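>>> Sharing a model prediction with you, sequence too.
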4 protein chains.
Amino acid sequence: EGDRRKPVVILRCAPHPAGRIFTDAALTALHERFTVVDLEGDDSPHALDQALPEAFAIVGQPDLPRERLARAPRLRALLNVEGNFYPNVDYEACYERGVYVLGCGPAYAQAVAEHSLGLALDLARGISREDRAFRNGRERYVADGNSDAILLRHADVGLVGFGNLGRALRTVLTGFAPTIRVYDPWLPPSVLRQHDVIPATLEEVLARSTFLFVLATVTDESRNLLNAERLASVPPGARLVVVSRAPVVDYDALLAGIAEGRFLAGVDVWPDEPVPAGHPARKLEGIVLSAHRAGGIPAAFFEVGEMVLDDLTLLARGLPPVRMQVAARELVGRYRNRPVS
Amino acid sequence: EGDRRKPVVILRCAPHPAGRIFTDAALTALHERFTVVDLEGDDSPHALDQALPEAFAIVGQPDLPRERLARAPRLRALLNVEGNFYPNVDYEACYERGVYVLGCGPAYAQAVAEHSLGLALDLARGISREDRAFRNGRERYVADGNSDAILLRHADVGLVGFGNLGRALRTVLTGFAPTIRVYDPWLPPSVLRQHDVIPATLEEVLARSTFLFVLATVTDESRNLLNAERLASVPPGARLVVVSRAPVVDYDALLAGIAEGRFLAGVDVWPDEPVPAGHPARKLEGIVLSAHRAGGIPAAFFEVGEMVLDDLTLLARGLPPVRMQVAARELVGRYRNRPVS
Amino acid sequence: EGDRRKPVVILRCAPHPAGRIFTDAALTALHERFTVVDLEGDDSPHALDQALPEAFAIVGQPDLPRERLARAPRLRALLNVEGNFYPNVDYEACYERGVYVLGCGPAYAQAVAEHSLGLALDLARGISREDRAFRNGRERYVADGNSDAILLRHADVGLVGFGNLGRALRTVLTGFAPTIRVYDPWLPPSVLRQHDVIPATLEEVLARSTFLFVLATVTDESRNLLNAERLASVPPGARLVVVSRAPVVDYDALLAGIAEGRFLAGVDVWPDEPVPAGHPARKLEGIVLSAHRAGGIPAAFFEVGEMVLDDLTLLARGLPPVRMQVAARELVGRYRNRPVS
Amino acid sequence: EGDRRKPVVILRCAPHPAGRIFTDAALTALHERFTVVDLEGDDSPHALDQALPEAFAIVGQPDLPRERLARAPRLRALLNVEGNFYPNVDYEACYERGVYVLGCGPAYAQAVAEHSLGLALDLARGISREDRAFRNGRERYVADGNSDAILLRHADVGLVGFGNLGRALRTVLTGFAPTIRVYDPWLPPSVLRQHDVIPATLEEVLARSTFLFVLATVTDESRNLLNAERLASVPPGARLVVVSRAPVVDYDALLAGIAEGRFLAGVDVWPDEPVPAGHPARKLEGIVLSAHRAGGIPAAFFEVGEMVLDDLTLLARGLPPVRMQVAARELVGRYRNRPVS
């Protein structure tokens, strides 16, 4: 009875099982504060449709065309827990209705930043390469294996993209006091200066970076942004870290550059995942291979759940959400990221 | 003629060739400011003895018993460029005479700190392990390979030793805002607090650290400091980074702990180098193998040379050295590090 | 002709003259990119009404009831340049229409943070008090005037409110490595932890802070938040900095505490401004008096104009604003700040 | 009896009473660990002479000519607690004997840095000037009193001298992300770069700094370093902070520049202290007057005592001192600072 007055929250967290993003404590708190309609395992439109009329919020990204949204007059928020916005939701209808469209991107930023720095330091010092050599009985001691080793401290660092990932990366780089140049066409230079990084053209970023991090999201504009010509302009011996997103980079040119020894790269995203068995990248020495692992770690998943709980709680108190990212009406339809299987 | 008045500097940089520690520019400056007696390749005591009477400084660590030092009445400084102080020099005679005994340890600190962080992030995220799997066609995508992945941000970090290495490591960790506990028996707690780290006993550091960095130098007291019992006290799943020095750690216990999956480790120093061909560490999954590569990178070597040049220049101007480390009379005889071959 | 296609921007920046917030360069850029309808000096509703049908954006805060907003079908954004949201605009109508309601609060945050730190250091060291004594020939040298001087480094700092001001203040405090406790009822503890501050109750913040900063905005809930009882709980000798907003604090209790020597305070906002001529605060020794000067400095005003130009430019490109603060629908009607005359 | 084996420490802390530099806890620990010969209040050479034969360390700066030092064969350290080295000690005899000459300068650095920043922010924002106006009923609200207010964030900052004070100041400036140029003739540029500041000539520092901090010690070379001509080269409207030492600056030129409104200044040190009653500086508007108060605060004095205790304890354990500053043989005789009365 008392429960009747609790706001109704629909849970349909696929591709995540709820237990991946909610700790036991978070799930308990969620059930205490809300009437939870858990649709995990029930993919039927019917179950969803039944819950919509009372729904205060939907956690997940089920198909929500305009006519279905119309069935949910009390809906206040749509909380995306997958990380990308797909076109199976009529976002414009949400904005017209004043329904918050919330993304969980910030939850992954720290994990991606740390993985990116890990890849960069691996490339700087040959950590995985020399580990492999050690296992094969061909390790080289002290200076012998260090001829191409470089420092990150005071280095020239370039960032392509300065959203959540770029900002988290800038923070973990603090102790290295690097010179950071950033290209981000969606941001005025003033925003970059406020974050104590140097606004730059893409050409400058490529030509002047010893460490280059590719952090851009995919849009029609950013597709193939780092094409063969642009990749040719990075300094010899540069270290490239590609964590987001494959369509931004010409992979043939990338792998050719690595094979020719023009630069080294740590690569976490791939045009086709899984990567084909005989893919030549698997044999390259100048690469660190990573299987789309930068963001999806337990701590990041649980942060998604914590964000969901925190923001639902604020919304139920009549306050605005502060943890998830309010998706911009102008951008939500422009992302071209594909689902991560 | 004018050259006569330039101070005489003896160069005997072994095990380094002079070109490893001096850039061309540094060597040119050195020759402009000093009369350089270059003994590279001339190991004879005779050549050294001839140069001693006029010597203002000696760069390197030739045998210098008391009676030989007595032949160098103008000697102001002994600049050690190898990184360790060996007992082939009569340091007490230097201190009595007011001859500076200078070490180059600080030159390697940044390189060791960055390598240590690289190893820690590798252990946190399985970077080299998953790169190996990828090369073997067994890569695991997204969450599948991340079950033991953890964040460094806000983690509990322990440092055993807080000299040059610990301080450089603390700086590169800044952006991760960790809780850092430090054990260093040579430092009062106040010094640790000034560096914004938490003074702790060795037991606390071991029991409470998710990331543990072994940075202690070898003395009679620190030998076998991390014995089997103490290694047993680290939390399950901890990540250990061993960069300095092998005698501080019980390697049988360390490798057993890794083999049993109690913790993961990145190991840069070894009781016997080169490591024997069939050494079991070469087959362990939970280890990142590194062949004493943390410090000896080109940028560090050139920093040694820059330090030498800077401090010789200050000394010749009648100013105290500021870049190399003035070796403490109390400690110079207590180090038990062996030469790195 | 070409100008016809430029979006129309209405300028009515009162209480600012346009020249206070726009540099010449910004004003030139604004006119290049937009058709500017400048209503400065024309307060008539008529002029505004005439411009509304073509208006893309309104810079300023004229009376905008629902029926008037209806006259502006192309309106995309309302850019508030005064710093507070007053009820002369029908915000709900804006949200329904998808018109951005943008605030300039962030522009003042750095200026307020620096002034706040300046007041805190003045209170810590008696800077203005001893300057006064010096001018009166009663200065006290070295330790004599320092009996109540304290350090900010490693001090206990409390923040009441953690919006733009609190975040900017936290940043300028970085180099002091303080322990920062924060009370903010609109934020979940997770947000505070992400900013490396300690979430706390108001009672804890008051009882444990050597330096206490009052940064809260006025709502019905925060009015008189720091009442006599709560002010009595701050530690003896605490330093209070009151920069935002007077109704949050019981001024009688505040001034009594200062007069009795229980704490010192720097006060920038006042229940009545201008402060009456004979106000007793003017004679207190333990206070630093400031006349609502924390935010309104030239650099902050020009940042308002730069924000306006940057966000208008983004909006005209079909991108979301990134510099001004999107006002939360839930909060815009709850602010009770009065106009600054 | 057991006490006999405790090392003997002579206390003669003048001009400080021991209670100013030692907390009760520190004094208790000192007495537990050492046999303390307390000469406070006993200025006679006789008392000192009697204690010298057994002395392990002397805390203070009594007259110690060579022949008297010869009476102290067990002396290991001379711990200066006043802050300056005067010529009443034969330092050369100490160095010959291997007696540590230790200074307490670092204890005051944080206090001086915070006071300096406080003066700089006062000058940036007119804090004490407007407080005075407020007391006189002439306060100006909001923008009216802010016409010359500037931000420290991202400002051009110049430091003359980069010893303990400069380093502490750099740290407290961290959160402002300024551009810091430093002139220090005793340091090679590499040391400055390591601290992430920009090495510069004195001319550059003067000509390009909006905030200029004078932190140099007095030597024959630095006397009158900031003469009239050099002071004329600072940018109009610059803010000068003079905390160390008066002889470095031409005060006539300094005060003339302030009087003419060419720059503002915060001044903590004076050619003659106490400053004469009718001194014109007392009437200047563009100055913040401070009576040599930057360093001598309770927390700094107690840090001197803690340093003394920590280092004596290390020395007694056979370890080198780490908290006090080992005075450089080359410099100890070059300081020309006068006693602070």
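Arrived safely, thanks for sending. Residues are numbered from 1 along each chain as shown, chains lettered A, B, ... in the order given.
>>> tell me which element A:A120 is part of?
Secondary-structure assignment from DSSP states H and E places A:A120 in helix A:105-125.
>>> In terms of secondary structure, what does the next helix or strand after that helix contact?
Proceeding N to C from helix A:105-125, the next assigned helix or strand is helix A:127-135, under DSSP H and E. Counting contacts by 3 or more C-beta pairs under 8 Å, 6 or more residues apart in numbering or on different chains; DSSP states H and E, helix A:127-135 packs against helix B:105-125, helix B:127-135, strand B:287-289. In this view, the C-beta of every residue, glycine as well, is placed from N, C-alpha and C.
>>> Could you export those to a markdown table, including columns for mean pLDDT?
Output for the helices and strands packed on helix A:127-135, formatted as a markdown table (pLDDT from 0 to 100):
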| stretch | mean pLDDT |
| --- | --- |
| helix B:105-125 | 97 |
| helix B:127-135 | 98 |
| strand B:287-289 | 98 |
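>>> mind giving me CSV with these and columns for distance to C:R97 and mean neighbour count?
What follows is the helices and strands packed on helix A:127-135, written out as CSV (distance: least, C-beta to C-beta, whole Å; neighbours: other C-beta atoms under 10 Å in any protein chain shown):
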stretch, distance to C:R97, mean neighbour count
helix B:105-125, 47, 26
helix B:127-135, 50, 22
strand B:287-289, 57, 25
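>>> which stretch among the ones you listed comes nearest C:L152?
For the helices and strands packed on helix A:127-135, the distance to C:L152 is smallest for helix B:105-125, at 28.8 Å, taking C-beta to C-beta.
>>> Counting by contacts, list what the closest one packs against.
helix A:105-125, helix A:127-135, helix B:164-172, strand B:211-214, strand B:238-242, strand B:263-267, strand B:287-289, helix B:298-316.
>>> at 6 Å what do you get?
Helices and strands touching helix B:105-125, by 3 or more C-beta pairs under 6 Å, 6 or more residues apart in numbering or on different chains; DSSP states H and E, are helix A:105-125, helix B:164-172, strand B:238-242, strand B:263-267, helix B:298-316.
>>> I'd guess A:S147 is in a strand, am I close?
No - counting by DSSP: H, G, I helix; E, B strand; the rest coil, A:S147 is not part of a strand but coil.
>>> Neighbours of it, how many?
Residues near A:S147, counting by other C-beta atoms under 10 Å in any protein chain shown, number 10.
>>> Not counting residues beside it along the chain, what's closest to it?
B:P298 (7.2 Å; C-beta to C-beta, 6 or more residues apart in numbering or on different chains).
>>> so what pLDDT did that neighbour get?
Looking at B:P298, its pLDDT is 98.
>>> Around it, how many other residues sit close by?
Neighbour number of B:P298 under other C-beta under 10 Å is 18.
>>> what does the stretch 151-300 of chain A put close to chain B?
Within the stretch 151-300 of chain A, the positions near chain B by C-beta under 6 Å from any C-beta of the partner chain are A:151-153, A:171-172, A:174-175, A:273, A:277, A:282, A:288-289, A:291-293, A:296-297, A:299.
>>> buried subset of these?
The neighbour count (16 or more other C-beta atoms under 10 Å in any protein chain shown) marks A:151-153, A:171-172, A:174-175, A:282, A:288-289, A:291-293, A:296-297, A:299 as buried among these.
>>> Which one of the residues you listed is nearest to A:I58?
A:G296 (22.2 Å).
>>> Which residues of chain A lie near chain C?
Counting by C-beta under 6 Å from any C-beta, chain A sits next to chain C at A:95, A:98, A:186, A:188, A:190-191, A:306, A:310, A:318-320, A:322, A:328, A:330.
>>> and which of the residues you listed is nearest to chain D?
A:S190 (11.5 Å; C-beta to the nearest C-beta).
>>> tell me the pLDDT at the closest residue to A:A93 other than its chain neighbours?
Spatial nearest neighbour of A:A93, excluding adjacent residues (C-beta to C-beta, 6+ apart): A:R66 at 4.4 Å. pLDDT, A:R66: 96.
>>> what's the answer for A:A281, then?
98.
>>> Run a quick neighbour tally on it.
The tally of other residues near A:A281 (other C-beta under 10 Å) stands at 19.
>>> Now do the SS call for it.
helix.
>>> give the contact list for it.
A:L255 (C-beta atoms under 6 Å, 6 or more residues apart in numbering or on different chains).
>>> just the one 10 residues further on next, same as before
Taking C-beta under 6 Å, 6+ apart as the criterion, A:A291 is in contact with B:E139, B:Y141.
>>> try it again with 7 Å
B:E130, B:F134, B:E139, B:R140, B:Y141, B:G145 (C-beta atoms under 7 Å, 6 or more residues apart in numbering or on different chains).
>>> what separates the first one from D:I258, distance-wise?
Applying C-beta to C-beta, to the nearest Å, one obtains 65 Å for the distance of B:E130 from D:I258.
>>> correct me, but A:A328 touches C:V322?
No - the criterion here is C-beta atoms under 7 Å, and A:A328 misses it with C:V322 at 9.2 Å.
>>> The closest residue to A:R71 other than its chain neighbours and chain B: what is the separation?
Closest residue to A:R71 apart from its sequence neighbours, by C-beta to C-beta, 6+ apart: A:L52 at 4.4 Å. Applying C-beta to the nearest C-beta, to the nearest Å, the value for A:L52 to chain B is 30 Å.
>>> Distance-wise, check A:L52 relative to D:E306.
Taking C-beta to C-beta, one finds A:L52 at 67 Å from D:E306.
>>> Okay, now the unreliable bits of chain A?
A:1-4, A:336-341 (pLDDT under 70).
>>> Residues of it that sit close to chain D?
A:A177, A:D196 (C-beta under 7 Å from any C-beta of the partner chain).
>>> Neighbour count and secondary structure added to the residues of chain A next to chain C, as TSV?
Below are the residues of chain A next to chain C laid out as TSV (neighbours: other C-beta atoms under 10 Å in any protein chain shown; DSSP: H, G, I helix; E, B strand; the rest coil):
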residue	neighbour count	secondary structure
A:Y95	16	helix
A:G98	13	coil
A:W186	21	coil
A:P188	19	coil
A:S190	15	helix
A:V191	18	helix
A:E306	20	helix
A:D310	21	helix
A:G318	9	coil
A:L319	18	coil
A:P320	17	coil
A:V322	16	coil
A:A328	17	coil
A:E330	15	coil
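>>> what's the closest non-adjacent residue to A:F34?
A:V9 (4.3 Å).
>>> Secondary structure class of that neighbour, three-state.
strand.
>>> Name all residues that make contact with it.
Contact analysis of A:V9 by C-beta under 7 Å, 6+ apart lists A:F34, A:V36, A:F56, A:A57, A:V59, A:L312.
>>> So what's the residue count around the fourth one?
For A:A57, the count of nearby residues is 25 (other C-beta under 10 Å).
>>> Would you mind measuring from it to chain C?
From A:A57 to chain C the distance is 15 Å (C-beta to the nearest C-beta).
>>> Now the phi/psi pair for that residue, please.
Main-chain torsions, A:A57, degrees, to the nearest 10: phi -160, psi 150.
>>> same thing with the fifth one?
In this entry, A:V59 is assigned phi and psi values of phi -100, psi 110 (degrees, to the nearest 10).
>>> re earlier: among the helices and strands packed on helix B:105-125, which is nearest C:H46?
helix A:105-125 (46.7 Å).
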